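Participant: turn this into a structure:
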Amino acid sequence: MPISDWFKAREGRKYTTTSADAPGDLPDGVWVKCPSCKHTLYQGDLDRVADVCLHCGHHFDIDAPRRIELLVDEGTFEETEAGLTSVDPLRFNAAKPYTESLAKAKAASGLPEAIVTGRALVGGHPVVLGVLDFRFIAGSMGSAVGEKIARAFRLAKREDRAVIMVTRSGGARMQEGMLSLMQMAKTAAEVGRLASAGLPYISVLANPTMGGVTASFAVLADVIFAEPGALVGFAGQRIIEQTIHQSLPKNFRTAEYFEEYGMLDAVVPRGELTTTIALTLDYLAGAGVPAAAEGAACRIVSAGGET
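Facilitator: Numbering: from 1, shown residues only. Down below sits the predicted model:
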């Protein structure tokens, strides 16, 4: 389903208002249980607060179209490279053929590939946006994803736009072998070219951001934000513990852990993300910051820095 159709579907979406003691035979999608605090939440309320639990602040997983809706100025998103999708260069077949995995991912997500890219405005700033969708083979980066990211950076350079990348991925796509690993170098090179042109790049790490995505373009941004509780890293915690023969802290690989050690700039709640990115672009674009916004300026200062 094209992303424009997704937005139209959301506009026509309606919820049934019910009381807390309503019978159990309610339509699917009306109530959601928070996996963190176990409170039962009304889906309509979640929609109004950017899919964040009202009781404990748990950030629910959201797909690429929903994130674009929350992040960009209304009506400004224009998708690019919508027809670019993966093929099966290695004729990969393990538990099931790669072509079957691709077909199921397209049907489940309504997307042609694991990333949506396009032009948009964020706080009035022209940007090129890329958002990974975990529903599509765990948001993994194969040849098509790497190519779409590379083209997004080139587009931004041609049109003098900032780049915003929102990552939620399990890493490189194993079904494409070395071809997927090559995307790490390709995307990193495009980040370097954008930097040489003096254009801003902001990365937002959502839960989870792992593997080859973490080891390439996701952590090469001028400013790196993350959502609360997001898992960030390369390998799994158990593998690391077995390798170094040491126990790791319980909060290891979380966004808060990396903020504490200066590996990202700020952990930003989803409801504040658009404002924080717009403020950051004000600084990076040299537009200055109004006096009323000075109190929020610390969000773009690295952990351990001074405001």
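Participant: element containing Val213?
Facilitator: Under the assignment given by DSSP states H and E, the secondary-structure element containing Val213 is helix 211-214.
Participant: could you point out which element follows that helix?
Facilitator: Scanning forward in sequence from helix 211-214, with DSSP H and E defining helices and strands, the next element found is strand 223-226.
Participant: who does that following strand pair up with?
Facilitator: Paired with strand 223-226 in the same sheet, following DSSP bridges, are strand 201-209 (parallel), strand 266-267 (parallel).
Participant: out of these, which gets nearest to His245?
Facilitator: Within these, the stretch nearest His245 is strand 201-209; the backing value is 24.5 Å (CB to CB). All C-beta atoms are positioned from the backbone trio N, CA, C, and that covers glycine.
Participant: tell me the mean pLDDT for that closest one?
Facilitator: Throughout strand 201-209, pLDDT has a mean value of 97.
Participant: from the strands paired with strand 223-226, which stretch is densest packed?
Facilitator: Comparing the strands paired with strand 223-226 by mean neighbour count (mean count of other CB atoms under 10 Å), strand 201-209 comes out on top with a mean of 25.
Participant: would you map the strands across the stretch 101-250 of the chain?
Facilitator: Counting by DSSP state E, counting those that start in this stretch, the stretch 101-250 of the chain has these strands, from start to end: 115-122, 125-132, 162-169, 201-209, 223-226.
Participant: which residues outside the longest one are in contact with it?
Facilitator: Counting contacts by CB atoms under 8 Å, 6 or more residues apart in numbering, the residues outside strand 201-209 that touch it are 59, 61, 67, 162-170, 191, 194-195, 214, 217-227, 229-232, 255, 264, 268, 273, 277, 280-281.
Participant: before we move on, the earlier item: could the strands of the stretch 101-250 of the chain be laid out in CSV, adding distance to Asn251?
Facilitator: Listed next are these as CSV, based on distance: least, CB to CB, whole Å:
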stretch, distance to Asn251
strand 115-122, 29
strand 125-132, 24
strand 162-169, 19
strand 201-209, 13
strand 223-226, 13
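Participant: which stretch among the ones you listed comes nearest Asp45?
Facilitator: Between Asp45 and the strands of the stretch 101-250 of the chain, the shortest separation by CB to CB is 21.1 Å, and it involves strand 201-209.
Participant: contacts for stretch 70-87?
Facilitator: Residues outside stretch 70-87 that contact it (CB under 8 Å, 6+ apart): 2-4, 50, 62, 68, 102, 106, 112-113, 116-124, 127-129, 131, 142-145, 147-148, 151-152, 155, 164, 166, 173, 176, 270, 273-274, 277.
Participant: start to end distance for it?
Facilitator: Start to finish, the residues bounding stretch 70-87 are 31 Å apart (CA to CA, to the nearest Å).
Participant: now do the buried residues in it.
Facilitator: Taking 16 or more other CB atoms under 10 Å as the neighbour-count basis, stretch 70-87 is seen to contain the buried residues 71-72, 77, 80-82, 84-86.
Participant: Trp31: which of the strands of the stretch 101-250 of the chain is closest?
Facilitator: Set against Trp31 and scored by CB to CB, those come closest in strand 201-209, at 22.5 Å.
Participant: from the chain's centroid, how far away is the closest one?
Facilitator: Between the mean C-alpha point of strand 201-209 and the mean C-alpha point of its chain there is a distance of 5 Å (CA atoms, centre = their mean, to the nearest Å).
Participant: the chain should start at 36 in everything you say after this.
Facilitator: Yep, numbering from 36; the last one is strand 236-244 now.
Participant: angle of it against strand 197-204?
Facilitator: Between the axes of strand 236-244 and strand 197-204, defined by axes from the mean of the first three to the mean of the last three CA atoms, to 10 degrees, the angle is 10 degrees.
Participant: where does this protein have low pLDDT?
Facilitator: In the prediction, the chain carries residues with pLDDT under 70 at positions 36-37, 39, 41-64, 321-342.
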